[in-house]
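Peer 1: Return atomic coordinates for the entry below.
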Amino acid sequence: MNELNPRMNWNRGSQLVRPLLRGRYWLVCLCMVVWVGLIIAKLFWLQILRHHEFVEKAEKQQQHTFAVAPRRGVLYDRNLRELAMTVQADSVYAVPSEIDDKKATVHALAQIVHAGSDSNPVDAWTSEDQIAARVNASRGFAWIARRLSPETAARVKALNLKGVYFQKEFQRFYPDNEIAAQVLGYVGVDDNGLGGMEQKFDGRLHGQPGHMYAAMDARRHVLGSTEHEPEPGENLVLSIDENIQFLAEKALDAAMQRTRAANGTVVIQDVHTGQILALAIRPTFNPNDFRHTTPALLRDHAVSDVYEPGSTFKLVTYAAALDQHVVKPDDMIDCQGGAITFNGRTIHDNQGEHYGVITVHEALEHSSDVAAVKLALRMGSDHFYDYIHNFGFGTKSGLELPGETRGLLRIPAHWGSTSIGSIAIGQEIAVTPLQLVSMVSTIANGGVYLPPHVVITTQAKDGKVTGQPGNQGTQLVAQPFHAGEDLPNPLPPGARRVISTMSAAQMRKMMEGVVLYGTGKLAQLNGYSSGGKTGTAQKIDPATHTYSKTMHVASFAGIAPVNSPVIAVAVVLDEPKGGGVSYYGGAASAPVFTQVAQQTLEYLGIPHDVDIHAVRPPSKTLSAKDEEPQQEETGDVNELVAALNDLPADDPLRESINNARTVAAGSPPVKTTVNKQAEKPDKPASKVTPEVPKTDAAPAPQLVSVALPSNTVKVPSLIGLPVRQVVEQAALAGLNLQVTGRGLVRSQEPAAGSAVQPGTQIVVHCAR
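Peer 2: The predicted model follows:
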């Protein structure tokens, strides 16, 4: 019957199939949901959890990031002349994936950049092997050479190589080459300051780098770029006067050639502010060519080296004795025939000198060791030490230069039984030239120690001045040197009174006596009074740990003018030994003071305070009593060497403690780089120095005299000369100078050949 009713059979079959289809439907739906869920999870994992990672990968594939160096801050002298500035130079890089024949391309590039005049032939970074290694190590970017000279860059561009590109980079440039090299330091290839101000203020000068993003297609072709601008560094205004610095280096060059010293230092300081006007070091280097420098040339002997000061230190002994009212300048002191014995040690004056009872000022003029020892014994160790410390010895001055040492000075509790006598004559103590010039500045300004400084102001990125109290927010302006008569009020941090005004005045007159009648006759100036003290110290032989018979340090520390001091000058020559020149401070170093002080005072337009000699009288020969006496081996070498152990760990002398057993911790003799401009012979000039005794072995600087009627001078022709030669000619002629513009002199007033009074102001107009 069922067979006869197919409809009934179909209904029964559909009832059986329908649940099966419904199950499949939900299974398919479940599968779709799981599949969509997995896709969503995968997308969440890729686009949310790993989004940053894939963005970085995409950026690396699609664009290249270049660090854009900021423009480094400018270093100015006090008159806002650029001492260190930043210019743009071409650097070469390659995109290796675009280069068809890498070997040939690398070879062609190396032939130019490695042998270029701006590259060191032994510089491995630009060798063919090194360039090839960088090119083969990357597909997207490889440096070829950086900061090329215009000539070398032009030769590379002429090759028109595929895959080789150029990038502008900042390069440090020093327009005066060697001038103030140790003060400025230099900048390495990675724009890091190395030495001097560049190192000390690297963080502030460097600025904040920017970035350039270059978009590329799949074939590494550059499609476009965006740039995040860097923030330039701060500018610094130094107390250095470029012209005074040049005069100091010129005089030091002449002294190095004359004496063949291992190294030399000249420091000029403003006595009323403590600002350093010039700091000259020889040997030197050219910071524009830093690849050829050495650590020895980078060393700033003025702040990093110490030496036994010898008789220049007697100024401290006499100043302390006067201030303690132990003696007066006209008091009589018994030099005991040139010998004194105490605590088992005998100290002698110079051989042949047998002074008896003489005045205190005469004892200083003739540099009597016996008198200095007696004065120190009268004061006592504690009082004497206090004066030494207050004069700035044994402590860092805080000068804004790296590598300053505090020197060697032990507390009285660590002195030996005869140390007080040795220290009184400048032994068993080690000082820096900077400490020496600060000491005489203290005497010159009336007895107040002023910490030395080489930075005046800094300029922030927005052009505003920072770092100078009371002047925040003002525009950066030049601060030419003007001779002052008063000390800062209030006194700067670190300043202190050391001796009374009366004691300082007495010391200045006694220092003038040293120059007029004693061991410093070669330090006399023409038209200006001067005062100072000579010094000749034996160095310690590192092999024997005893005082050497052949190695000496000749020094002179002086001030000018005596009646109204403006500058203090310290001259230190390490191991003068050439051309038969005497190694005594009065013969080797005093003439350097004469040249530097005379030209500096004339350049500054300081009024004369003594008569001017129109013609230089015949000079005399220094007698034996006028020469600085050679000191005996009175100091205890072990006491001084032991003082090295008292230095803090960060003192630069600790770095070479095994090598610095000599008290004059100078570098080994290095070939001196002489400023080529200073090699030119002096031209005839009308200003001459007064009569001064001199030896045949150490002739004083000669200035040719020109006799002019009615005490007038002839205006030299300055047309076509650079400013530096103009400054030199004006100083030699005794004329004041006002310069407008920059470049070569195009006109001058008054005209060349005019007869004018000494000190007349000459105006020159310069243009490039």
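
Peer 1: Quick one: neighbours of Asp289, just the number.
Peer 2: Per other Cβ atoms under 10 Å, the neighbour tally for Asp289 reads 14. Where C-beta positions appear, they are placed from N, C-alpha and C, glycine not excepted.

Peer 1: With Leu401 instead?
Peer 2: Neighbour count for Leu401, taken as other Cβ under 10 Å: 25.

Peer 1: Tell me if I'm right that it and Lys200 touch.
Peer 2: Yes - at 6.1 Å, Leu401 and Lys200 qualify as touching, with contact defined as Cβ atoms under 8 Å.

Peer 1: So Val571: helix, strand or coil?
Peer 2: strand (DSSP: H, G, I helix; E, B strand; the rest coil).

Peer 1: bridging residues for it?
Peer 2: Val266, Phe556 (DSSP bridges).

Peer 1: Now do the same for the closest residue to Pro488 other than its chain neighbours: its pLDDT.
Peer 2: Distance criterion Cβ to Cβ, 6 or more residues apart in numbering; nearest residue to Pro488, sequence neighbours excluded, is Thr273 at 6.6 Å. pLDDT recorded at Thr273 is 93.

Peer 1: Distance of Thr273 relative to Val440?
Peer 2: The spacing between Thr273 and Val440, counted by Cβ to Cβ, to the nearest Å, is 15 Å.

Peer 1: More neighbours: which of these two?
Peer 2: Between Thr273 and Val440, counting by other Cβ under 10 Å, Val440 is the more crowded of the two (30 against 20).

Peer 1: Doesn't the more buried one belong to a strand?
Peer 2: No - assignment of Val440 by three-state DSSP gives helix, placing it outside any strand.

Peer 1: Who are the contact partners of it?
Peer 2: Neighbouring residues of Val440 by Cβ atoms under 8 Å, 6 or more residues apart in numbering: 315, 511, 532-533, 557-559, 568, 570.

Peer 1: just Arg497 next, same as before
Peer 2: Contacts of Arg497 (Cβ under 8 Å, 6+ apart): 447-449.

Peer 1: Using a markdown table, please lay out those together with pLDDT, secondary structure and neighbour count.
Peer 2: Below are the contacts of Arg497 laid out as a markdown table (pLDDT from 0 to 100; DSSP: H, G, I helix; E, B strand; the rest coil; neighbours: other Cβ atoms under 10 Å):
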| residue | pLDDT | secondary structure | neighbour count |
| --- | --- | --- | --- |
| Gly447 | 95 | coil | 21 |
| Val448 | 96 | strand | 20 |
| Tyr449 | 96 | strand | 23 |
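
Peer 1: Lys162 belongs to a helix, doesn't it?
Peer 2: No - assessed with three-state DSSP, Lys162 is coil; it does not lie in a helix.

Peer 1: That one against Lys102, yeah?
Peer 2: No - using Cβ under 8 Å, Lys162 is not in contact with Lys102; the gap is 10.8 Å.

Peer 1: Distance of Val515 relative to Tyr528?
Peer 2: Counting by Cβ to Cβ, the gap from Val515 to Tyr528 is 11 Å.

Peer 1: Remind me which helix or strand the spatially closest residue to Ile429 that is not a sequence neighbour belongs to.
Peer 2: Leaving aside its chain neighbours, Ile429 sits nearest to Ile423 (5.1 Å; criterion: Cβ to Cβ, 6+ apart). Using DSSP states H and E, Ile423 sits in helix 419-424.

Peer 1: could you dump that helix to CSV, C-alpha only?
Peer 2: Taking Å, rounded to 0.1, in the frame of the first residue of the first chain, the C-alpha atoms of helix 419-424 are listed here in CSV:
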residue,chain,number,x,y,z
SER,A,419,111.3,72.6,53.9
ILE,A,420,110.4,76.1,54.9
GLY,A,421,113.8,77.3,53.7
SER,A,422,113.5,75.5,50.4
ILE,A,423,110.0,76.7,49.7
ALA,A,424,111.0,80.3,50.5
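
Peer 1: Does anything pack onto that helix? Which helices or strands?
Peer 2: helix 369-379, helix 381-390 (3 or more Cβ pairs under 8 Å, 6 or more residues apart in numbering; DSSP states H and E).

Peer 1: try it again with 6 Å
Peer 2: Other elements packing on helix 419-424 under the criterion 3 or more Cβ pairs under 6 Å, 6 or more residues apart in numbering; DSSP states H and E are helix 369-379.

Peer 1: what's the spacing between the closest residue to Pro309 other than its chain neighbours and Gly535?
Peer 2: Of all residues not flanking Pro309 in the chain, Gly426 sits nearest, at 4.4 Å (Cβ to Cβ, 6+ apart). Per Cβ to Cβ, Gly426 is found 6 Å from Gly535.

Peer 1: what's the weakest-modelled helix or strand in the protein?
Peer 2: strand 465-466 (a mean of 42; mean pLDDT, DSSP states H and E).

Peer 1: before we move on, back to that, kindly indicate which of the contacts of Arg497 lies nearest Asp334.
Peer 2: Closest approach to Asp334 among the contacts of Arg497 (Cβ to Cβ): Gly447, at 28.2 Å.

Peer 1: residue contacts, the closest one?
Peer 2: 497-501, 504 (Cβ atoms under 6 Å, 6 or more residues apart in numbering).
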